[in-house]
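Trainee: Sequence below, structure please.
(2 chains)
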Number of protein chains: 2
Amino acid sequence: MKFAVYVPDNLEGPAPVLYILGGMSSSEQTFIQKSGFQRWAAHYGIIVVSPDVCPRVTFGVEKNEIEAKGLSFYVNAVKKPWNRNYQMYSYVNEELPSIIQENFNVNKDRQSIMGHSMGGHGALISALKNPGKFRSVSALAPVCNPSKTPDIQFILKCYFGDDTKTMEEWDATCLVADYKGPELNILIHQGNNDKYAEQLKLENFISACEKAGIEISVNIEEGYDHGFYFISSFMEQHFHHHSKFLCGS
Amino acid sequence: MKFAVYVPDNLEGPAPVLYILGGMSSSEQTFIQKSGFQRWAAHYGIIVVSPDVCPRVTFGVEKNEIEAKGLSFYVNAVKKPWNRNYQMYSYVNEELPSIIQENFNVNKDRQSIMGHSMGGHGALISALKNPGKFRSVSALAPVCNPSKTPDIQFILKCYFGDDTKTMEEWDATCLVADYKGPELNILIHQGNNDKYAEQLKLENFISACEKAGIEISVNIEEGYDHGFYFISSFMEQHFHHHSKFLCGS
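Mentor: As a prediction, this is how the structure comes out:
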């Protein structure tokens, strides 16, 4: 597995760390090349880790499931053959942080997570399934309710089979109802010209948060679509958000 | 030919325009995706035009000249078959500005030019061959003296044959000696970890400018290489430089 790490110059002591999860058809290179986050990471003194978005090796995948390659939804697959490599949730939440803590001077009590699209989903479920682990979470145009989204259900069935209950255990909107833990400090941006809005189902996530009494800051941005110009336009706001929780005393 | 245009929001009347020329193995997409210039173009109210770096159609090119494809050095080729399409100098200095002036609300008396590597060469020769046309010129790790650079001479021979005199008419360092015109307002950045330094020959350009009494601002930056992280790190400085000449009264 490849991952990208950005370490600002002139850090004094262990630094906070922000994990950034990419969306479909991206890799560990995408955020570091296209989002321009380095300016803000340097400004706030935050180490950034951006993993690849899925395993690149698969074994024995049937032709009719080929679409699920290059994705991951940051879950732990149960169904064969996907369960062998597609353990992205464990990778992002356990294996990768251990590697980072062993090799970089990070403060492991100060970590946050963000992501785009499928990676926004990864960020939200990581925060929701690990109360207190991340000081803040943010997402740009996140996939919010995949178990109720026909275009995505097909992919999830590759990882989980037809077991709807398991799917819901990996769905941010479903997880919200049972969340018990400290404030999540969620920030979300989405463009009002995002052609994937129907697959993202942000409105379901907002309703679930309201019902569960979870505070959430949502910004719908005029004219923006789903792409990397949208992402780079709001990097400053997202780093500012995380800095409030990562860099304070 | 494809080109990218960035038009800031909320312009009041005709805006100044900055042409940005890419280097080898890039296209009209590269600067707009990777440099993060939009923040600065928006800040200063500058329209940015970034053309593709070479013609994408060639006819009857011999196998031993195949390396010259995908390049252009922003010259007008003389030798067949290159002379049919490889007229990038005329394209960048005449055809493209006409298209821009007809289709966008630009102030044609306020234009500047910049570029990276091969595109830095294109920017310098465009300014040197057109006294007064550009208010300022800047370059990141520019190719400065191609007619004296063995690795590049081979490419130039495809475009010009063995005629050294013609090659020198398209060489920034050679052109400096005969420059007569208003201040060029040249800004150059180069990393001191640029593995192409020997092909760039910045020192020859600096000497030629000193001899000709042409003022030039050169910044050698510790640790930076030839790549896009170098470029994106100095976009702010280059836009600030151009804004002084483009946006003043």
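Trainee: What parts of chain A come near chain B?
Mentor: Counting by Cβ under 8 Å from any Cβ of the partner chain, the residues of chain A close to chain B are A:33, A:34, A:36, A:38, A:39, A:228, A:229, A:232, A:233. Quick note: C-beta positions are derived from backbone N, CA and C, even for glycine.
Trainee: pretty sure the first one is touching residue B:231, no?
Mentor: So the one you mean is residue A:33. No - between residue A:33 and residue B:231 there is no contact, the gap being 11.2 Å when judged by Cβ atoms under 8 Å.
Trainee: what about the two, which has more around it?
Mentor: The residue with more neighbours, out of residue A:33 and residue B:231, is residue B:231; 25 against 18, by other Cβ atoms under 10 Å in any protein chain shown.
Trainee: just to revisit the earlier point, mutual contacts of residue A:33 and residue B:231, please.
Mentor: Taking Cβ atoms under 8 Å, 6 or more residues apart in numbering or on different chains as the criterion, residue A:33 and residue B:231 both touch residue B:34.
Trainee: Find the nearest non-adjacent residue to the residue of chain A at minimum distance from chain B, please.
Mentor: Nearest residue of chain A to chain B, counting by Cβ to the nearest Cβ: residue A:36, 4.0 Å away. Leaving aside its sequence neighbours, residue A:36 sits nearest to residue B:36 (Cβ to Cβ, 6 or more residues apart in numbering or on different chains; 4.0 Å).
Trainee: again, but for residue A:141
Mentor: The shortest distance from residue A:141 to any non-neighbouring residue, by Cβ to Cβ, 6+ apart, is to residue A:190 (4.8 Å).
Trainee: And that neighbour, how far from residue A:148?
Mentor: Using Cβ to Cβ, to the nearest Å, we find residue A:190 at a distance of 17 Å from residue A:148.
Trainee: who's more crowded, these two?
Mentor: Each of residue A:190 and residue A:148 has its neighbours counted (other Cβ under 10 Å); residue A:190 has more, 24 against 16.
Trainee: so when I look at that one, I'm seeing a helix, right?
Mentor: No - assessed with DSSP: H, G, I helix; E, B strand; the rest coil, residue A:190 is strand; it does not lie in a helix.
Trainee: and it, what are its bridge partners?
Mentor: Listed by DSSP bridges, the beta-bridge partners for residue A:190 are residue A:220.
Trainee: OK, contacts around residue A:181?
Mentor: Neighbour list for residue A:181: A:131, A:132 [criterion: Cβ under 8 Å, 6+ apart].
Trainee: mind checking how far the spatially most central residue of chain A is from residue A:158?
Mentor: In chain A, the residue lying closest to the centroid (Cα atoms, centre = their mean) is residue A:123, at 2.7 Å. To residue A:158, residue A:123 is 22 Å away according to Cβ to Cβ.
Trainee: what does residue A:96 give?
Mentor: Taken as Cβ to Cβ, the span from residue A:96 to residue A:158 is 23 Å.
Trainee: wait, doesn't the residue of chain A closest to chain B sit right on residue A:233?
Mentor: No - contact criterion Cβ under 8 Å: residue A:36 and residue A:233 do not qualify, at 9.4 Å.
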